[in-house]
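# Next come a sequence and a model predicted from it.
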Amino acid sequence: MDITATAISLTVDDIDASAAFLTRHFGFEKAMAADGFVSLGRADAPNVVFLRRGIEVLPEGFRDQHAAGLIIAFVVDDLDAEHERLRGEGVTITMAPREEPWGERLFQVTDPNGVVVQLVSWATPAGN
């Protein structure tokens, strides 16, 4: 099997709000859109797709579920600079910067639909 692309698809109430959040604060661009659907992309990350809750493209048992219990994580080169940039843009930091015992440094923000976006860097090289 050859995987040629990767996308994350999330079901939210307001696709425009989530799309605007990733576009404004994380540099994604709209790749395609239709009623109840928007796909965002950038060259260095998987596409992020937002589907409006209740849309018929989702299986019947999943249509009313909301994206929950998940985190979109982006590994970045300079976590402190990204923290300051997002604060300067007025983004609420929902988890302050911290370091995990395994060497991961991170902080989190949350989009208008409650989707958690985590920025990560490594305090020590991965695998050490």
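Arrived safely. Residues are numbered from 1 along each chain as shown.

# in this structure, which segments are predicted with low confidence?
Scanning the chain for pLDDT under 70 picks out the ranges 124-128.

# can you map out the strands along it?
Along the chain, the stretches classed as strands by DSSP state E are 7-12, 29-34, 37-42, 45-52, 71-75, 93-99, 104-110, 116-122.

# for the chain, what's the longest helix?
Ranked by residue count and defined by DSSP state H, the top helix of the chain is helix 15-26.

# Name the residues of that helix that are buried.
Across helix 15-26, burial judged by 16 or more other Cβ atoms under 10 Å covers 15, 18, 19, 20, 21, 22, 25, 26. In this view, the C-beta of every residue, glycine as well, is placed from N, C-alpha and C.

# before we move on, back to that, using CSV, please lay out the strands of the chain together with distance to residue 81 and mean neighbour count.
Formatted as CSV, those follow (distance: least, Cβ to Cβ, whole Å; neighbours: other Cβ atoms under 10 Å):
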stretch, distance to residue 81, mean neighbour count
strand 7-12, 24, 17
strand 29-34, 22, 12
strand 37-42, 18, 19
strand 45-52, 18, 20
strand 71-75, 13, 15
strand 93-99, 12, 13
strand 104-110, 12, 19
strand 116-122, 10, 19
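
# For residue 62, find the nearest of these.
Shortest separation from residue 62 across these is recorded for strand 7-12, at 7.3 Å, computed as Cβ to Cβ.

# Okay, angle between the longest helix of the chain and strand 45-52 too, please.
Calculated by axes from the mean of the first three to the mean of the last three Cα atoms, to 10 degrees, helix 15-26 forms an angle of 150 degrees with strand 45-52.

# For burial, what's the neighbour tally of the closest residue to residue 10 other than its chain neighbours?
The shortest distance from residue 10 to any non-neighbouring residue, by Cβ to Cβ, 6 or more residues apart in numbering, is to residue 67 (3.9 Å). A count of neighbours around residue 67, defined by other Cβ atoms under 10 Å, yields 21.
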